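Asks: Sequence and predicted structure are below.
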Number of protein chains: 2
Amino acid sequence: MDILPEILNRRSIRKYKSTSVTDEQISDLILAASLAPSGSNKQPWDFIVVKSKEMKEKICELDHNQKWMLQAPVFIVCVGKSTYRKDDSMERTIRDSAIAITHILLQAQHMGLATCWTGWYEQDEMRNILGLTDKDYVTGIIIVGYADENPNARPRRKATYTEI
Amino acid sequence: MDILPEILNRRSIRKYKSTSVTDEQISDLILAASLAPSGSNKQPWDFIVVKSKEMKEKICELDHNQKWMLQAPVFIVCVGKSTYRKDDSMERTIRDSAIAITHILLQAQHMGLATCWTGWYEQDEMRNILGLTDKDYVTGIIIVGYADENPNARPRRKATYTEI
């Protein structure tokens, strides 16, 4: 068994040091996201990097007021853009933007950064403060910084499959 | 710039050698998937490993009859299970199962295996031949094997973000 270390060691971190994250680090995270595969290579995602105290506080409040978020220096909002002209446009957009976010989580782990993918908000409220439309889907708000805790892995269902 | 090699080097491969993939390799892929984060740690996913010629042919036919798929020894069907009791249950299920699939793609790359995430089918038709219900979402059918091509990276949008 040789699991990719970034997959094996990633945790959802909810306690952060005040250490900042550089613009260069943020660019590498966004670059990793941009390399995600997507249906018909549409890359239906946009990223908003949140650093201002005021915006972090507004977002935190809508994201179930999880105060621990505010310790981290940066949030990355990943917005799925439903550009498809089919009925399942939003489903495909959510799928593709989730792939891009997963790249951010694993790239961050690779760089020694910690993350937590949060999503405990109402879409309409979050769209509203971010100036988005109902064709946009806020697939995740990713908290990024340096871990100030070292939690064990959360329990997992047994990794099984059926064969046909 | 130090992008995780598995992210940098992964390609969607559409030409495969006939070399088989072992059960041990498949188990490692499913284990990597099981380590994905998910909302409230619900892990709303199941995996069906397809090896039989008959089932591969049926799936291929519904997946826009992309004949190249049949070269590969294994398909992994990833099924999102909408177990949430909220209106956005299906959205969350698609999101979470897409994270798990992304782990499979990158773990496969880590192991020297090639993949292609396919999704060019009607949900109802694919659910039907797999014996699934309308609470299930076939988030992806992942083709797995050894690459018999070495394509360049597909073009990408510039990796940009806005800051607030």
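Replies: That came in fine, so what should we check first? Residues are numbered from 1 along each chain as shown, chains lettered A, B, ... in the order given.
Asks: Show me how far stretch A:127-134 is from its chain's centre.
Replies: From the chain centre to the centre of stretch A:127-134 is a distance of 17 Å (CA atoms, centre = their mean, to the nearest Å).
Asks: Would you mind listing the buried residues in that stretch?
Replies: A:127, A:130, A:132 (16 or more other CB atoms under 10 Å in any protein chain shown). (Each C-beta comes from the backbone N, C-alpha and C, glycine too.)
Asks: do the longest strand along chain A and chain B meet?
Replies: Identified as the longest strand of chain A according to DSSP state E is strand A:136-145. Yes: applying CB under 8 Å from any CB of the partner chain, one finds strand A:136-145 touching chain B at A:137, A:139, A:140.
Asks: That strand packs against which elements?
Replies: With contacts taken as 3 or more CB pairs under 8 Å, 6 or more residues apart in numbering or on different chains; DSSP states H and E, strand A:136-145 sits against strand A:74-81, helix A:89-110, strand A:114-118, helix A:123-130, helix B:89-110.
Asks: So what touches the third one?
Replies: With CB atoms under 8 Å, 6 or more residues apart in numbering or on different chains as the contact definition, strand A:114-118 has outside contacts at A:10-14, A:16, A:63, A:66, A:69, A:101, A:104-105, A:108-109, A:140-147, B:37.
Asks: pLDDT of that strand, averaged?
Replies: Average pLDDT, strand A:114-118: 98.
Asks: Just checking the distance from it to the centre of its chain.
Replies: 6 Å.
Asks: Give me the most central residue, chain A.
Replies: The C-alpha lying nearest the average C-alpha coordinate of chain A belongs to residue A:142 (CA atoms, centre = their mean; 3.6 Å).
Asks: doesn't residue A:105 make contact with that residue?
Replies: Yes: contact status for residue A:142 versus residue A:105: in contact at 7.2 Å, counting by CB atoms under 8 Å.
Asks: Just the buried residues from the contacts of strand A:114-118, in ChimeraX please.
Replies: Those of these that count as buried under 16+ other CB under 10 Å are selected in ChimeraX with:
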select /A:10,11,13,14,16,63,69,101,104,105,108,109,140,141,142,143,144,145,146,147 /B:37
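Asks: Chain B: which of the residues of strand A:136-145 next to chain B is nearest?
Replies: Nearest to chain B among the residues of strand A:136-145 next to chain B is residue A:139, at 6.3 Å by CB to the nearest CB.
Asks: The residue nearest to the closest one when sequence neighbours are not counted: what's it in contact with?
Replies: Spatially, and ignoring its direct neighbours in sequence, residue A:139 is nearest to residue A:97 (4.1 Å; CB to CB, 6 or more residues apart in numbering or on different chains). Counting by CB under 8 Å, 6+ apart, residue A:97 touches A:44, A:45, A:78, A:79, A:80, A:137, A:139, A:140.
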